[in-house]
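> Predicted model, plus sequence, below.
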Amino acid sequence: MNLNFYDKTGEPRSDEELQDAKIALKNDLVLSKLTPIMIHYTTILDAIDELLVFRKETMIYRHILESLLAVIHRDGGHYTQAHGIPKSVEDAITKIANERLDHKDKTIS
C-alpha cells in the first residue's frame, strides 16, 4: 500500500483520508504475517494517530491566537484574515508597544 501524507498537489491529506488509510493499513496488518511489514505498518499507524492529535491541537491553538489578535486589532479577526497571521502578529506587537509608550508618556506628564 502506498501511503502519502500529502496529495499530488502537495496539500496535506484530510483527516478522513488519513483515517481511511489507517483502516486500510490495519486490514493489511491483519492479513499479513510478515513481521517486518507489521512493524512498519504499526509505526505508520502510530504516526497517523500522532498527526491527527497534532492537527487537532494546532487548530485549537490557531483559534486561540486568532481570537487574541482580533482583540488586539479590535476588528473581530478581519485584519488577520486579510493580512495573514505573521503580519498580524508583527503589527499587534508594534501596536501594543506603541500603546504602552503612549500610556507611559501620559502618566509621566
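Cool, the structure landed.
> use CA for all of it now, contacts and neighbours both
Will do.
> Just list what the helix or strand of the chain with the lowest mean pLDDT packs against, helices and strands only.
Least confident helix or strand, the chain: helix 15-31 with a mean of 72, by mean pLDDT, DSSP states H and E. Helices and strands touching helix 15-31, by 3 or more Cα pairs under 8 Å, 6 or more residues apart in numbering; DSSP states H and E, are helix 35-73.
> The helix it packs on packs against which elements?
helix 15-31, helix 78-83, helix 85-108.
> tilt between the longest one and helix 35-73?
Helix 85-108 and helix 35-73 meet at an angle of 40 degrees, taking axes from the mean of the first three to the mean of the last three Cα atoms, to 10 degrees as the criterion.
> let's number from 249 now, not from 1
Sure, I'll start numbering at 249, so the last one becomes helix 333-356.
> Show me what helix 333-356 is packed against.
Using 3+ Cα pairs under 8 Å, 6+ apart, helix 333-356 is in contact with helix 283-321, helix 326-331.
> what about residue 339, distance to residue 327?
10 Å (Cα to Cα, to the nearest Å).
> ditto for residue 263
29 Å.
> Looking at the two, which has the bigger crowd around it?
residue 327 (18 against 14; other Cα atoms under 10 Å).
> Please list all residues in contact with that one.
Shown in contact with residue 327 (Cα atoms under 8 Å, 6 or more residues apart in numbering): 318, 321, 336.
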